[in-house]
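Student: Kindly generate the corresponding structure for this input.
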Amino acid sequence: MLYTKELADELKVKLLDIIVKVEDDDDWAFDVIATTQDTDRDNEVIKINGWDTKNREKNPVILANHYYTIENIIGKGVKFYTSNGVKRLKWVFSQSNPLWILARNLYQEGMLKSVSVGFIPLKRNELDYKIIEKAELLEVSFVAVPCNPNAISLDQKIYDEAVSKWLIVEQEEEKKEEVTIEQLQSEIKEIKDILKSMADDKAKEEELSEEIERVKAQKELLQKINNATALALQSMKML
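Tutor: You can find the predicted model right below:
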């Protein structure tokens, strides 16, 4: 097939249509705050209007832990945009990399909700080196602890559901741990029966021990009688 501009445009339209459908699919599309203009944990501030994304748009990968290897590609960004003074990112999980299963499960459980931007500073403020006026966005990664504490997921529904599940599990566990008076009485009776049985066994053991001692004493007495009888007979023979 001859590759033409018309074919390329047609493929682009189909691809965009697929992306839009995926973006609208709640099972695959997600929304996060990628970065803000707050002071991060490196004591740096990145200006919201200073992001250069043209190169990233050619390769909008979502990574795990800023590891720049193909094994750590877990998704793709669909839309990087400004809203209410922050940079937001809509993206979709990969469906081919096994690592996405771990990331997606953690995400949907409400365990994984923070992201971090990988970037190259292009221009810093002349008066304050910690203020980055321009930066090239390389990628966005899911991380356990973000440099910017406000770079978190916006999918509150997921976390509400996760909290509900936790509460349900906790309530079920509490119900399992609840003990009624009848159960307590039953358990006390069972313990008493066990103690009584142990006491009976000990009494039987003591009784048996006493019987053994009696038998031993009788055997010793009988042995003494036999010895005395033997001596008496021996003396009679000597006479």
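Student: Just checking: what are the partner strands of the strand ranked longest in the chain?
Tutor: Determined from DSSP state E, the single longest strand within the chain is strand 131-143. Strand pairing for strand 131-143, determined by DSSP bridges: strand 45-46 (parallel), strand 51-52 (parallel), strand 61-64 (parallel), strand 114-124 (antiparallel).
Student: So for the last one, what gets flagged as buried?
Tutor: Neighbour counts over strand 114-124 (16 or more other CB atoms under 10 Å) mark Ser114, Val115, Ser116, Val117, Phe119 as buried. Using the backbone N, CA and C atoms, a C-beta is placed for each residue, glycine as well.
Student: The strands paired with strand 131-143: which one's closest to Ser141?
Tutor: Comparison of the strands paired with strand 131-143 against Ser141 by CB to CB identifies strand 61-64 as nearest, at 4.3 Å.
Student: what separates Val92 from Ile101, distance-wise?
Tutor: The span separating Val92 from Ile101 equals 14 Å under the rule CB to CB, to the nearest Å.
Student: Those two: which has the busier surroundings?
Tutor: Val92 (19 against 13; other CB atoms under 10 Å).
Student: who does the strand or helix carrying the more buried one pair up with?
Tutor: In this structure, Val92 sits in strand 86-93 according to DSSP states H and E. Using DSSP bridges, the strands paired with strand 86-93 are strand 29-35 (antiparallel), strand 73-83 (antiparallel).
Student: which of these has the lowest average pLDDT?
Tutor: With a mean of 82, strand 29-35 has the lowest mean pLDDT of those.
Student: For the residue nearest to Phe80 when sequence neighbours are not counted, which residues are in contact?
Tutor: Nearest non-adjacent residue to Phe80, counting by CB to CB, 6 or more residues apart in numbering: Leu89, 5.2 Å away. Under the criterion of CB atoms under 8 Å, 6 or more residues apart in numbering, the contact list for Leu89 reads Asp31, Val32, Ile33, Ala34, Gly77, Lys79, Phe80, Tyr81, Val115, Val140.
Student: For Leu89, list each beta-bridge partner.
Tutor: Here Leu89, judged by DSSP bridges, has bridge partners Val32, Phe80.
Student: swap in the one 4 residues further on?
Tutor: Taking DSSP bridges as the rule, Phe93 bridges to Gly75.
Student: would you turn the strands paired with strand 86-93 into JSON lines with distance to Ala232 and mean neighbour count?
Tutor: Shown next, in JSON lines, are the strands paired with strand 86-93 (distance: least, CB to CB, whole Å; neighbours: other CB atoms under 10 Å):
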{"stretch": "strand 29-35", "distance to Ala232": "110", "mean neighbour count": "22"}
{"stretch": "strand 73-83", "distance to Ala232": "106", "mean neighbour count": "17"}
